[in-house]
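In: here are the coordinates; sequence isn't available:
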């Protein structure tokens with residue numbers, strides 16, 4: 001058989017690839033529980049994106065199946081064993097400051113801009129086109145191949161949990177939702193809420209904290225924060241303190257006075273929770289500022305805990321649970337959600353990415369002493385265990401061979417703090433689609449992918465699927 005030029009095959013489908021991807025990118029598939037129905041559990045736009053992919057597969061002659069209105073697959077081939085590619089069509093909220101509309105894809109200077117182009121619509125289409133090439137070339141394979149499409153990856157991955165309740169696990173699989181070369185270890189991911197309520201107020205306070213709001217997702221560094229204060233004792237001094245604080249930190253801020261009320265607003269920089277230091281947490285900066293003043297009761301517990309144990313400590317050193325291993329690196333902590341009201345009290349929504357050899361249940365117990373000291377308590381806990389596939393596994397060796405063959409680069413094995421669908425697989429790893437050295441704009445404004453990189457990824461995926469399914 002003549003050796004296949006996988007890159008040439010993808011390039012010959014360049015225009016169709018772009019058209020199909022742009023169609024998917026135009027769907028604003030952010031989860032919206034306020035519009036959820038039985039037919040669209042994560043909102044109509046997310047369901048529309050899922051339907052788009054399945055209809056694409058049906059149009060191109062594949063067998064398709066929808067599962068529970070939250071996931072589905074596009075299948076080709078025959079055989080007892082199954083090779084899988086898992087991608088997702090939901091995206092994180094867009095935020096502000098985009099140069100163009102986040103759902104109006106723009107190709108400029110080789111970069112394709114849109115929310116979800118890197119995470120994960122572009123890579124999902126790359127995986128789909130890899131399968132399409134195998135089908136159109138009528139290549140001999142002895143296993144079935146499925147492109148499995150989820151629609152709730154960014155908010156907990158309940159979509160694949162539902163999918164695998166009734167559908168078979170792939171024999172082997174890869175997930176194009178991270179970076180090349182190969183991610184064989186994924187840290188565990190935990191959500192933990194620390195809440196404060198009903199502490200006694202018994203002393204002077206510089207102001208009354210009425211409300212505080214920052215962040216919408218555990219897995220994002222919040223780039224905005226606001227707080228409403230009343231009964232500020234010295235407004236002029238307070239204004240000067242705020243201006244000085246903003247000027248000495250990597251944030252911008254605004255202060256508005258209306259009658260007896262002051263509204264503070266802070267803007268930082270958003271980033272993915274797997275490396276909080278890539279962002280600037282607006283919420284924690286505002287907490288740290290409020291912590292410069294004397295407070296009482298629940299507001300004091302809430303603010304001082306954040307100031308003393310969360311601010312400027314992405315490795316949870318102050319909480320006493322910092323941890324590191326050679327397989328996957330160090331534990332990280334992102335404070336993704338911060339809330340306070342007089343009626344409900346205060347809450348920090350923490351997102352931990354912990355090494356593959358760590359035990360989060362024990363770490364959570366270890367930090368309880370500090371939480372109790374500030375009259376706090378745990379009100380939510382969710383834990384997704386780590387992933388680890390050894391380097392001598394045939395899946396790893398095949399993907400390494402393909403990556404090196406097509407790039408000329410060594411296929412080193414990586415560990416990440418991000419969580420992909422791979423952790424829901426019996427045997428699977430994350431494989432691309434971002435190449436080494438490229439800027440990571442996932443979850444940020446003006447998210448982009450180099451279009452040629454997506455085509456290259458598709459060529460790599462096509463060869464990988466062929467070798468895994470031969």
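Out: Looks like it came in fine. Worth saying up front: this structure is predicted, and the values here are computed from it rather than measured.
In: contacts for the helix or strand hosting residue 363?
Out: Assigned by DSSP states H and E, residue 363 belongs to helix 360-366. Residues from elsewhere that reach helix 360-366 (CB atoms under 8 Å, 6 or more residues apart in numbering): 188, 190, 192, 320, 321, 323, 331, 352, 354, 378, 381, 383. Where C-beta positions appear, they are placed from N, C-alpha and C, glycine not excepted.
In: residues touching the closest residue to residue 357 other than its chain neighbours, list them.
Out: Among residues not flanking residue 357 along the chain, residue 325 sits closest, at 4.4 Å (CB to CB, 6 or more residues apart in numbering). Applying CB under 8 Å, 6+ apart to residue 325 gives the contacts 355, 356, 357, 358.
In: Next, the buried residues of the helix or strand just after the helix holding residue 363.
Out: Later in the chain than helix 360-366, the nearest helix or strand by DSSP H and E is helix 368-373. Using 16 or more other CB atoms under 10 Å as the test for burial, helix 368-373 gives 370, 371.
In: ok so, going back, of the contacts of residue 325, keep whichever come out buried.
Out: Buried members of the contacts of residue 325, scored by 16+ other CB under 10 Å, are 355, 356, 358.
In: Let me know the distance separating the second one from residue 185.
Out: I take that to be residue 356. Distance of residue 356 to residue 185, given as CB to CB, to the nearest Å: 5 Å.
In: what's the answer for residue 440, then?
Out: According to CB to CB, residue 440 stands 18 Å off from residue 185.
In: In terms of neighbours, single out the busier of the two.
Out: The neighbour count for residue 440 versus residue 185, taken as other CB atoms under 10 Å, is higher for residue 185 (22 against 17).
In: if I read this right, that one contacts residue 388, doesn't it?
Out: Yes. Between residue 185 and residue 388 there is a contact under CB atoms under 8 Å: 5.0 Å.
In: Quick check: neighbours shared by residue 356 and residue 185?
Out: With CB under 8 Å, 6+ apart as the test, residue 356 and residue 185 both reach 327, 328, 386, 387, 388, 415.
In: List buried residues within those.
Out: 328, 386, 387, 415.
In: is it possible to export the residues you listed to CSV including secondary structure, pLDDT and distance to residue 281?
Out: Shown next, in CSV, are these (DSSP: H, G, I helix; E, B strand; the rest coil; pLDDT from 0 to 100; distance: CB to CB, whole Å):
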residue, secondary structure, pLDDT, distance to residue 281
328, coil, 92, 23
386, coil, 93, 25
387, strand, 91, 27
415, strand, 90, 24
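In: Can you tell me which of those residues is nearest residue 76?
Out: Closest approach between these and residue 76, by CB to CB: residue 387, at 26.4 Å.
In: how close does residue 25 get to residue 124?
Out: Residue 25 is 11 Å from residue 124, by CB to CB.
In: Mind checking which of those two has more residues around it?
Out: residue 124 (28 against 25).
In: who's in contact with that one?
Out: By CB under 8 Å, 6+ apart, residue 124 lies in contact with 24, 53, 87, 88, 89, 147, 149, 176.
In: how deep is the fifth one tucked in, by neighbour count?
Out: In other words, residue 89. Residue 89 sits with 29 neighbouring residues when counted by other CB under 10 Å.
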